[in-house]
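Peer 1: Please work out how this folds:
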Amino acid sequence: MMTNLYRDADGQRLPSVTTIIGRFKDSGGLIRWAYQNGADGGSLNAGRNQADDAGTLARAMVIAHLRGTPWQPGRSNDTDTLAMAISGFNAYLNWERRINLAIRYTDVVLVSSRYRYGGTLAAVGEIAGKLVLLDWKASNAVYPDQLTALAACKTLWDENTPDHLITGGYHLFRFSKGAGDFTHHSYPSLNEAWQQFRLFRRAYDIDARLRRRVSANALALPADRNKAKRSMPNVPQTMGRKTRISRRAPRPTSDATR
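Peer 2: Just a heads-up that it's a prediction; the model follows:
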């Protein structure tokens, strides 16, 4: 999959929605998977060598359907997995027909000059005369970062098309990875998710400045250390040594020695 590069009107590169959220994303699930994969004797590249799961295949079918392009299964996809994926895809099509969803735009690449980020909207559709934001995921659950991404994408659309605002809410479609089961999640509003993304956007710039500062200090450290050694004055050898304190009682004196 090609990664879009987002730039402002002056040609300066902007971070993407995915990059910003990914910088602060909870990686607990990935760490647990890596641990279990290692415990089972797998390698870090094991996931890349496996065939797509049912959920990923079902999502690929939907994307091809939206773009009006044919979809062909890979050679490594077994019959059972493919059957589950087709079942999930058909469940989505039934929902689409029942709701009378009309897809208006797909793969919309936009940038925000106000908040300085870019993103690609999976699709914008229309339900009951109102524009809605749509996205499809292959995952075993709905995660907060998915809602944050939706909120960020809505702002991209509304900023660039103020005469055609998204007023019908958000629709997230999920296909479970193992079985390809289809579920639909509707969100009339995601104000808190948008507030979180704005915090992420500010933190992303702060983090970048701190990283540059640390990097600059790391590059200057060897030279500064050598300079400090050369400029250090001669220190007497006695300095820094521990001083032994005698705890003996004072020797008594006699009148003869006075």
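Peer 1: got a list of what Arg198 touches?
Peer 2: Contact partners of Arg198, counting by Cβ atoms under 8 Å, 6 or more residues apart in numbering, are Tyr115. (Each C-beta comes from the backbone N, C-alpha and C, glycine too.)
Peer 1: and it, what element?
Peer 2: helix 191-231 (DSSP states H and E).
Peer 1: mean confidence score for that helix?
Peer 2: Averaged across helix 191-231, the pLDDT comes to 82.
Peer 1: beta partners for the nearest residue to Ile63 once chain neighbours are set aside?
Peer 2: Excluding its sequence neighbours, the residue lying closest to Ile63 (Cβ to Cβ, 6 or more residues apart in numbering) is Trp136, at 7.1 Å. Beta-bridge partners for Trp136, by DSSP bridges, are Phe173.
Peer 1: show me the contacts for Trp136.
Peer 2: 59, 62-63, 122, 172-175.
Peer 1: Against His184, how distant is it?
Peer 2: For Trp136, the distance to His184 (Cβ to Cβ, to the nearest Å) stands at 10 Å.
Peer 1: list residues touching both of these two?
Peer 2: Common contacts of Trp136 and His184 (Cβ under 8 Å, 6+ apart): 172-174.
Peer 1: could I get those as TSV with distance to Lys130, pLDDT and neighbour count?
Peer 2: Below are the shared contacts of Trp136 and His184 laid out as TSV (distance: Cβ to Cβ, whole Å; pLDDT from 0 to 100; neighbours: other Cβ atoms under 10 Å):
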residue	distance to Lys130	pLDDT	neighbour count
Leu172	17	98	20
Phe173	18	98	22
Arg174	22	98	24
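Peer 1: Adding distance to His164 as columns, could you present those residues in a markdown table?
Peer 2: As requested, those are exported to a markdown table (distance: Cβ to Cβ, whole Å):
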| residue | distance to His164 |
| --- | --- |
| Leu172 | 21 |
| Phe173 | 22 |
| Arg174 | 27 |
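Peer 1: ok, which stretches of this structure are helices?
Peer 2: 17-23, 28-39, 46-49, 54-67, 79-99, 144-160, 191-231 (DSSP state H).
Peer 1: of all the ones you listed, which lies closest to Asp107?
Peer 2: Nearest to Asp107, of all those, is helix 54-67, at 7.6 Å by Cβ to Cβ.
Peer 1: Could you tell me how far the closest one lies from the centre of the chain?
Peer 2: When C-alpha coordinates are averaged (Cα atoms, centre = their mean, to the nearest Å), helix 54-67 and its chain have centres 22 Å apart.
Peer 1: Could you do stretch 131-145 as well?
Peer 2: For stretch 131-145, the distance to the chain centre is 14 Å (Cα atoms, centre = their mean).
Peer 1: Mind listing what's buried along it?
Peer 2: For stretch 131-145, a neighbour-count test (16 or more other Cβ atoms under 10 Å) marks 131-138, 140, 145 as buried.
Peer 1: got it, and stretch 114-127?
Peer 2: 115, 117-125, 127.
Peer 1: Could you do stretch 63-78 as well?
Peer 2: Buried-residue list, stretch 63-78, by 16+ other Cβ under 10 Å: 65-66, 73, 77.
Peer 1: Could I get the residues you listed in a markdown table, plus columns for distance to Phe197 and pLDDT?
Peer 2: Formatted as a markdown table, the buried residues of stretch 63-78 follow (distance: Cβ to Cβ, whole Å; pLDDT from 0 to 100):
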| residue | distance to Phe197 | pLDDT |
| --- | --- | --- |
| His65 | 29 | 96 |
| Leu66 | 25 | 95 |
| Pro73 | 36 | 83 |
| Asn77 | 36 | 80 |
